[in-house]
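> Next input, structure requested:
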Amino acid sequence: MSKIIDLAEYRDITPKEDEIRLPEDGFVSLGLSLCGDNASMDDLVSAHKWFSLAAMRGSRQARVHRVEVSGRMNGDEISRAQRELQEFVSARLCA
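Got it, this is the predicted structure:
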């Protein structure tokens, strides 16, 4: 069963000390750095996660890139990206 992520809670997440401290446009840049033409499927999954994080924070550009990356992924890979997103956010909400 999926946990619904409350966007208001997400906006209050403070990155851990060793994490990249980026605003939503930084999340977009990170996603773009991972999804080049020769990207592995693991890279595309990570890019999808970063684009989702930026989209959750209001980035329209991230939504466009996430759709583009999704077109290169199958359903299982998209599900994996969503699980990674949920784990990432949950870890920060519970920390």
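> Could you list the single helix or strand in the chain with the lowest mean pLDDT?
Across the helices and strands of the chain, the lowest-confidence element by mean pLDDT, DSSP states H and E is helix 7-11, at a mean of 47.
> which element follows that one toward the C-terminus?
Toward the C-terminus, helix 7-11 is succeeded by helix 24-34 as the next helix or strand (DSSP states H and E).
> What mean pLDDT does the helix or strand just after that next one get?
Next in sequence after helix 24-34, counting helices and strands by DSSP H and E, comes helix 41-56. Confidence over helix 41-56 (mean pLDDT, whole number) is 94.
> Give me the below-cutoff pLDDT ranges for the protein.
Under the criterion pLDDT under 70, the flagged ranges of the chain are 1-23, 95.
> Which helix in it has the most residues?
If each helix of the chain is counted by residues according to DSSP state H, the longest one is helix 75-94.
> Show me what that one is packed against.
Under the contact definition 3 or more CB pairs under 8 Å, 6 or more residues apart in numbering; DSSP states H and E, helix 75-94 sits against helix 7-11, helix 41-56. No exception for glycine: its C-beta is placed from N, CA and C like everyone else's.
> at 6 Å what do you get?
Contact here means 3 or more CB pairs under 6 Å, 6 or more residues apart in numbering; DSSP states H and E; on that basis helix 75-94 packs against helix 41-56.
> buried set for the helix it packs on?
Applying a neighbour-count criterion of 16 or more other CB atoms under 10 Å, the buried positions in helix 41-56 are 43-56.
> Find the nearest non-adjacent residue to Ala81, please.
Closest residue to Ala81 apart from its sequence neighbours, by CB to CB, 6 or more residues apart in numbering: His48 at 3.7 Å.
> Could you do Ser46 as well?
Once its chain neighbours are removed from consideration, Ser46 has its nearest residue in Leu34; the separation is 5.2 Å (CB to CB, 6+ apart).
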